[in-house]
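# have a look; sequence and predicted model below, questions after that.
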Amino acid sequence: MSGGVGDSERSEERQRFPPPGKSVPLSALGQNGLLQALVQGAEPPAGDVEISEELQRAREEWEAVEDIQSGLRGTPAVPAAPISFREALQFFETAELGECRRKLRAPRRRQGLAALLRFLFGPPRLQPQLRGEQELALAMAQCGLDDNESVHMRILQTIYKKLTRSRLGCPRYGAHWEELGFQGADPGTDLRGTGMLALMQLLFFVMDPQMLPLALDIFKLSQHETQEFPFAIMSVNITRIILQALREERLCRECNRRQQVIAVLNDLYAAAFLRLYRVWKGQHKTITDSCFLLKELELSTKRKPKQLLKSLEAFVNRGPTAEGPDPSSPPSPSSRELSFTGLCDLEGEPRLV
């Protein structure tokens, strides 16, 4: 009788952990309690101290496929490999963006007295050698999110993983995007007017080692019980502000000084988000204050970009602990100035909400 029980136990053990040389079906890996514990970083249960070579190999196979999630609505699996900002930018530098470039609007040329005042007192024009980079930034803003483009999907997945601190990927569509602050199941619908540039700036924010702590702090604040706000939509609004400043030639002086365009746009994006974060947190703002704050941020970005950039530089040099209220923050608006409960649309662009 005791021999029968031992045979049964050994049979069960063989079923859980096949002998070396026999493959483990991937579909069965999720059923394995020990493997699930290992994948989740937990200690193995008592009695299972030694991990066989086959089990280790099975764990590696599981981790290799855990990022590939089946999308909703029958969408294809998304490549899970993270992507750096530099790699993503190189893709756009070499991609065929002819259709996006054709959509670019020529800047309005001032005439008469306005042209004279612009020449005498306005900012300098962008130097010719930087116009290609400016055009690339504007073309990315015209480029929509494409399900069939693996780099687009990797950008989206990298942003999700960095903000949620998850090793797991996620479906292309679903309510999980609302947790990041998008308006619905498809982030692509929130990119009107900003296109892939909005995702590229968010990718920069979460992939730059100096910016990531700030991005995570802002994301955490966006989930506050009373001060919550849609993080991704706020990011898109800030990208829209940066785009307007670029189109209105408000950033030429700084771009000429640094001989860069996209790097200036990214730093100004981070600087604007930092200012918003300080005001929002330090003055206990809520979503009802969003329109006023975005309008104030738009004016600061267009009129005083150098001041914003200096504030970001000081923040980076001091470290993430220096996150107190900005002494130059505007006073809190009265309730009469706020006429809605969502993020406002900015001048000349379609509404997001």
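Right, received. Where do you want to start?
# what stretches of the protein score poorly on pLDDT?
Filtered on pLDDT under 70, the chain yields the residue ranges 1-80, 105-122, 319-353.
# tell me which helix or strand residue 123 sits in.
Assigned by DSSP states H and E, residue 123 falls within no helix or strand.
# ok, residue 212 - contacts?
162, 205, 206 (Cβ atoms under 8 Å, 6 or more residues apart in numbering). In short, each C-beta sits where N, CA and C put it, glycine included.
# and the first one, how many neighbours?
The burial count assigned to residue 162 is 19, neighbours taken as other Cβ atoms under 10 Å.
# look up the closest residue to it, ignoring the ones flanking it.
Excluding its sequence neighbours, the residue lying closest to residue 162 (Cβ to Cβ, 6 or more residues apart in numbering) is residue 206, at 3.7 Å.
# and the gap between that neighbour and residue 219?
Relative to residue 219, residue 206 is positioned 9 Å away (Cβ to Cβ, to the nearest Å).
# what touches both of the two?
Counting by Cβ under 8 Å, 6+ apart, the contacts common to residue 206 and residue 219 are residue 163.
# count the residues that sit near the nearest residue to residue 308 once chain neighbours are set aside.
Of all residues not flanking residue 308 in the chain, residue 271 sits nearest, at 4.0 Å (Cβ to Cβ, 6+ apart). Per other Cβ under 10 Å, the neighbour tally for residue 271 reads 25.
# is it true that the residue nearest to residue 162 touches residue 158?
Yes - the criterion here is Cβ atoms under 8 Å, and residue 206 meets it with residue 158 at 7.3 Å.
# who has more neighbours, these two?
Applying other Cβ under 10 Å to residue 206 and residue 158 shows that residue 158 carries more neighbours, namely 23 against 19.
# that one reaches residue 202, doesn't it?
No - with contact defined as Cβ under 8 Å, residue 158 does not reach residue 202; the gap is 9.6 Å.
# just to confirm, which helix or strand has the residue nearest to residue 186 when sequence neighbours are not counted in it?
Setting aside the residues directly before and after it, residue 186 is nearest to residue 173 in space (Cβ to Cβ, 6+ apart), at 5.6 Å. Applying DSSP H and E as the criterion places residue 173 outside every helix and strand.
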